[in-house]
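Asker: please work out how this folds:
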Amino acid sequence: MLKALAQDLSSGQGADMLRAARRAYALAFAVLAAPGLPLGALYLLTRPTATPPAGIVGMVAVALLLACAALYLARRAARDPLLPPRRTALSAAMQAGTAPAVPFLIGCATFSQPAVTAGLWVLAAVLYALAWRLIAGWMGSAADGQSNSEQ
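Answerer: Below is the predicted model of the structure:
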């Protein structure tokens, strides 16, 4: 995956840069989310008590708040005027990997309640798809910024 990412980055073409940004996004998500699975399984071995409904609502609210904050900061990074346009979109894509990772990781802490885990993971999947689509817009903005700076 890293070799393909490097090839797409070196190409510099719009479609290749979008593919590179999305690969960077997927890699960032995987790096953030992967430790949650063994840690959640370890936590499950302690036989945690069930989280009350108010606690579940709180976890979902925190997951949404942190995911929205991550997407907001990634969008700001995509518009950073101090970096070259392509670099800003790639940086933003990597930062956006945090948005779906937050509910995924919180879901890993709720393995003792499979319905809660599934709900948080569905939220993570929705956020993953949303950020995936947003990256295309960020790359389009980067291409517009680059063409304007070349004129």
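
Asker: center of the protein, which residue is that?
Answerer: The centroid of the chain falls nearest to Gly97 when counting by C-alpha atoms, centre = their mean (1.9 Å).

Asker: wouldn't it be in contact with Ala21 here?
Answerer: No. Gly97 is not in contact with Ala21 according to C-beta atoms under 8 Å; the separation is 10.8 Å. Every C-beta, even on glycine, is put in place using the N, C-alpha and C of the backbone.

Asker: which strands or helices does the host helix or strand of Tyr72 pack on?
Answerer: When elements are assigned from DSSP states H and E, Tyr72 belongs to helix 53-78. Of the remaining helices and strands, those touching helix 53-78 by 3 or more C-beta pairs under 8 Å, 6 or more residues apart in numbering; DSSP states H and E are helix 85-96, helix 98-108, helix 114-150.

Asker: Val31 is nearest to which of the ones you listed?
Answerer: Smallest distance to Val31 across the helices and strands packed on helix 53-78 (C-beta to C-beta): 8.7 Å, for helix 98-108.

Asker: CA atoms of that closest one as CSV?
Answerer: What follows is helix 98-108, C-alpha atoms only, in CSV (Å, rounded to 0.1, in the frame of the first residue of the first chain):
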residue,chain,number,x,y,z
THR,A,98,-9.5,10.4,13.1
ALA,A,99,-13.2,11.0,12.5
PRO,A,100,-14.3,7.4,12.0
ALA,A,101,-11.6,6.1,14.3
VAL,A,102,-13.2,7.7,17.4
PRO,A,103,-16.5,5.9,17.3
PHE,A,104,-14.7,2.7,16.2
LEU,A,105,-12.4,2.8,19.2
ILE,A,106,-15.2,3.7,21.6
GLY,A,107,-17.1,0.7,20.1
CYS,A,108,-14.1,-1.5,20.9
